[in-house]
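K.L.:
predicted structure and sequence below. I'll ask about it afterward.
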Amino acid sequence: MSYTIVFTGEINPAFTQSTVVNNLAVLFKKDSIFIEKLFRGKPVTIKRDLELESAKKYHTAMNNAGAVAQLIDQETNEPVTDNKPGKEVESGTPTSKPEMQPTVLTAAAPGEIILNHTMPPEPDINISHLSMSEAGEQLVQPEIISPAIIDTSKIDLSASGSILSDEKMPGTPDIDTSKISLADTDG
């Protein structure tokens, strides 16, 4: 026998839709945008051609995530009943205590209203003591800065290539070579 898992499009009342979306995204390793497409109010086939044990695992996992899922027998196209005659496997009721999921932040869909914004009351600001100046009127007097006094009397321009200092260039050694003689290389 083969079985199908169908998501009814409903969620367990103990969960919020955003929690169920996040839980299913983790369960199926899909992004939340993909999972949100499942919430259109119509049944969606999640997995088909499963053996009973695998189908029960999917069914339990989806219900624990907060999604209302049905386990359907593909031969009869009817929901599978529990081992007790006439009792259908409960859809949307977690078979065990739901796991606490860490808070996951997601972005809302484009155009979705997240919060109905109400404008705060307009502040009561008294401006009766203020006045405006005429156009072009200078509001602040600039600070007067006295010009810098620079003594240029000792500055002279010399011709191009002139040596500007009497000092020797640094790094030029003063070596007396008058007592050095060179020996013959023949001997």
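P.N.:
Thanks, I have the structure now.
K.L.:
am I right that Glu10 is in a helix?
P.N.:
No. With DSSP: H, G, I helix; E, B strand; the rest coil as the criterion, Glu10 is located in strand rather than a helix.
K.L.:
hmm, it is touching Val68, no?
P.N.:
Yes. Glu10 is within contact range of Val68, at 4.1 Å (criterion: Cβ atoms under 8 Å). Any C-beta I mention is one placed from the backbone N, CA and C, and that applies to glycine too.
K.L.:
more crowded one of the two?
P.N.:
Val68 (21 against 16; other Cβ atoms under 10 Å).
K.L.:
would you mind measuring from the more buried one to His59?
P.N.:
When distance is defined by Cβ to Cβ, to the nearest Å, Val68 is 10 Å away from His59.
K.L.:
cool, and Asn116?
P.N.:
Taking Cβ to Cβ, one finds Asn116 at 38 Å from His59.
K.L.:
okay, these two: which has more neighbours?
P.N.:
Ranked by neighbour count (other Cβ under 10 Å), Asn116 and His59 place His59 first, with 25 against 5.
K.L.:
name the helix or strand for Ile33, please.
P.N.:
helix 32-36 (DSSP states H and E).
K.L.:
elements contacting that helix?
P.N.:
Applying 3 or more Cβ pairs under 8 Å, 6 or more residues apart in numbering; DSSP states H and E, we find helix 32-36 packed against helix 17-28.
K.L.:
which outside residues touch the helix it packs on?
P.N.:
11-12, 15, 30-32, 34-36, 38-39, 61-62, 65-67, 101, 104, 106 (Cβ atoms under 8 Å, 6 or more residues apart in numbering).
K.L.:
now which of these would you call buried?
P.N.:
11-12, 15, 32, 35-36, 38-39, 61-62, 65-67 (16 or more other Cβ atoms under 10 Å).
K.L.:
where does the protein have low pLDDT?
P.N.:
Within the chain, the ranges that satisfy pLDDT under 70 run 81-108, 114-115, 117, 164-172, 187.
K.L.:
was I right about Gln70 contacting Pro79?
P.N.:
Yes. At 5.2 Å, Gln70 and Pro79 qualify as touching, with contact defined as Cβ under 8 Å.
K.L.:
more neighbours: these two, which one.
P.N.:
When neighbours are counted by other Cβ under 10 Å, Gln70 comes out ahead of the other of Gln70 and Pro79, with 22 against 14.
K.L.:
part of a strand, is the more buried one?
P.N.:
Yes. Gln70 forms part of a strand when assessed by three-state DSSP.
K.L.:
next one: it from Lys56, what distance?
P.N.:
From Gln70 over to Lys56 the distance is 12 Å, taken as Cβ to Cβ.
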